[in-house]
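Enquirer: For reference, the sequence and a predicted model appear below.
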Amino acid sequence: MGIVLKNICSPCKHIAHSYLQDQESLNLLGILLEQDGHLRRSRRVLEDCLSVSSSLGGGDEAVQTCHRNLARVCLKLGDHAAAVGYASAVAVPDKECLSTLAAAHHGAGQFRESYMTYQKCLDVVAEDQKAHYLAAMASIAYRFQGPEAAKTLLFQSSQVRIRLLLFLRNVYLSFY
């Protein structure tokens, strides 16, 4: 995959350097660098994208996209404080942004904030994905609420999976 992205990144770098005032090119370059594993370079490019967006009075969506991508890259780099800052700046966070924020809070040792953010995730994710968030909440609950709270969340997580498996079984049986 790295070879393919290097071939893509070269033209993208040229475009981004030719049009330094273009937020979309900088954002795309930042994402490609991230996907190719160049996280520090990706962060610098995305920070440039954010400053260009802000200085040009760029559209709110362009700024929000930069914040989302910077939060994800900072989390991968282990800069949890920056990831929390960027993810918190997103006006209407989606499930990926909320997940990034929860993980960044957890990495920064802010377990209660992480738990509350995972609770918000439960409101925006599909039913079949809730088991993962409940399991993450259980690991946090164990730290500050004790084993009983963790057991309750893990039980809820298992029930989500059982409902999903029963649904899939019924779908299968209805076709065969």
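Expert: In hand now; what should we look at? Since the model is a prediction, treat every value here as computed from it, not as a measurement. Numbers count the residues shown, from 1 in each chain.
Enquirer: So which bits of stretch 107-122 are buried?
Expert: Neighbour-count burial for stretch 107-122 flags 107-108, 110-111, 113-115, 117-118, 121-122 (criterion: 16 or more other Cβ atoms under 10 Å). Every residue, glycine included, has its C-beta placed from N, CA and C.
Enquirer: helix or strand right after the lowest-mean-pLDDT helix or strand in the chain?
Expert: Least confident element among the helices and strands of the chain, by mean pLDDT, DSSP states H and E: helix 2-18 (a mean of 54). The C-terminal neighbour of helix 2-18 among helices and strands, as given by DSSP states H and E, is helix 23-35.
Enquirer: Who are the packing partners of that following helix?
Expert: helix 2-18, helix 39-55, helix 60-77 (3 or more Cβ pairs under 8 Å, 6 or more residues apart in numbering; DSSP states H and E).
Enquirer: name the helices or strands packed onto the last one?
Expert: So the one you mean is helix 60-77. Applying 3+ Cβ pairs under 8 Å, 6+ apart, one finds that helix 60-77 contacts helix 23-35, helix 39-55, helix 80-88, helix 95-107.
Enquirer: Turn those helices into TSV, columns for mean pLDDT and distance to residue 153.
Expert: Shown next, in TSV, are the helices and strands packed on helix 60-77 (pLDDT from 0 to 100; distance: least, Cβ to Cβ, whole Å):
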stretch	mean pLDDT	distance to residue 153
helix 23-35	89	32
helix 39-55	88	32
helix 80-88	96	23
helix 95-107	94	14
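Enquirer: Ramachandran angles for residue 91?
Expert: Note on residue 91: backbone dihedrals following degrees, to the nearest 10 are phi -70, psi -50.
Enquirer: Could you tell me how far it is located from residue 171?
Expert: In this view, residue 91 and residue 171 are 38 Å apart by Cβ to Cβ, to the nearest Å.
Enquirer: Ok, residue 22 next?
Expert: 46 Å.
Enquirer: Check residue 61 too.
Expert: 37 Å.
Enquirer: same check, this time on residue 74
Expert: Residue 74 sits 40 Å away from residue 171, going by Cβ to Cβ.
Enquirer: If you count surrounding residues, which of the two has more?
Expert: residue 74 (25 against 10; other Cβ atoms under 10 Å).
Enquirer: Break the protein into its domains for me.
Expert: Here the domain parsing of the chain from automatic domain parsing is 2-109, 125-176.
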